[in-house]
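Chemist: Model the following, please.
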Amino acid sequence: MSRLRYREARLPLDEDPLSLMARLVRSGLFDQYVVYENGSSWSFAGGALASVRLGREAKDLRDMGDLQDLRGVEDRLAAVPVKDWRAYGWATFELATALAGAAVDAGGDLLHLVIPAGEVRAEGDTVLVRAVDVEQYDRLVALVGASVPADGDTGGAAGGDERISLALDDHGNYRAAVPRPWWNSAPAGHWRK
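Modeler: Model prediction:
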C-alpha cells in the first residue's frame, strides 16, 4: 500500500487563535471538523482520511471481536494510508464499562476517532498547516495567511468575530446549595478510583 504524506507549512500567527479557528470553520472547506483548545494551543482538524468508530449496538464488547481490548482500534489506525497522522475524537465514559466486560445501553458510539484530511495547529506565534490534498493545502495556507489583526478589528467585515461577554458571578448561591461533593455522602468505601 502506498503511503500518503501531509504537505506542511509553518506560518506566523498574526491574530487571535480563536478568530483563526472561527474563520477556518466558516470557510466551508470541510463538511466535518473539530476544534480543540488546550491552554494556549488550538487545533482545527477538517475532513476525514480515515475514521474508527466503536458502536454500542452490540450488548457488550465481546460481540465486537478484535475491538474488545482496543487492539482492533490500534490495528485499524496502523492501516491508515498516511504517514505522521494525528487522531482527533472522543470516547464515552461507557467505553470503560464495556472494556471491563459489563453490558452498556444500546445507542450511539462509544468511541469515534478521525484522521483529518487537513489540520491547522496554532501555538505561540506560529501556525502549522497540514493537508494531504494539494488544493485543500493551498486553501488552508491562504486562509491562515488572510489573518485578522490581533486587536480583532475586521474592518467591518461580515461574519461577526465579535466576542460576547458572559456574567459568571455566582448569582444563584451555587456554593451554598452544594455544600459538599456528592461522593462524601456515600457510605465509606462505596466509591473507589
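Chemist: Quick one: the helices in the protein, in order.
Modeler: 17-26, 71-78, 94-99, 134-145, 174-177 (DSSP state H).
Chemist: Tell me which other helices or strands the fourth one touches.
Modeler: Going back to what we said before, that points to helix 134-145. For helix 134-145, the elements it packs on are strand 7-12, helix 17-26, strand 118-123, strand 126-131, judged by 3 or more Cβ pairs under 8 Å, 6 or more residues apart in numbering; DSSP states H and E. Glycine gets a C-beta too; all of them are placed from N, C-alpha and C.
Chemist: Redo the ones you listed as TSV? Include mean pLDDT, distance to G101 and mean neighbour count.
Modeler: Shown next, in TSV, are the helices and strands packed on helix 134-145 (pLDDT from 0 to 100; distance: least, Cβ to Cβ, whole Å; neighbours: other Cβ atoms under 10 Å):
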stretch	mean pLDDT	distance to G101	mean neighbour count
strand 7-12	96	42	13
helix 17-26	94	40	18
strand 118-123	97	36	22
strand 126-131	97	39	21
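Chemist: out of those, nearest to V52?
Modeler: strand 118-123 (17.2 Å; Cβ to Cβ).
Chemist: if we can go back for a sec, take the helices and strands packed on helix 134-145 and lay them out in a markdown table including distance to G47.
Modeler: Shown next, in a markdown table, are these (distance: least, Cβ to Cβ, whole Å):
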| stretch | distance to G47 |
| --- | --- |
| strand 7-12 | 14 |
| helix 17-26 | 12 |
| strand 118-123 | 6 |
| strand 126-131 | 8 |
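Chemist: Please identify which of the ones you listed is closest to A50.
Modeler: Closest among the helices and strands packed on helix 134-145, using Cβ to Cβ: strand 118-123, at 13.5 Å.
Chemist: The closest one pairs with which strands, parallel or anti?
Modeler: Using DSSP bridges, the strands paired with strand 118-123 are strand 41-46 (antiparallel), strand 126-131 (antiparallel).
Chemist: Let me know the angle separating the last one from helix 134-145.
Modeler: On the basis of axes from the mean of the first three to the mean of the last three Cα atoms, to 10 degrees, strand 126-131 is oriented at 160 degrees to helix 134-145.
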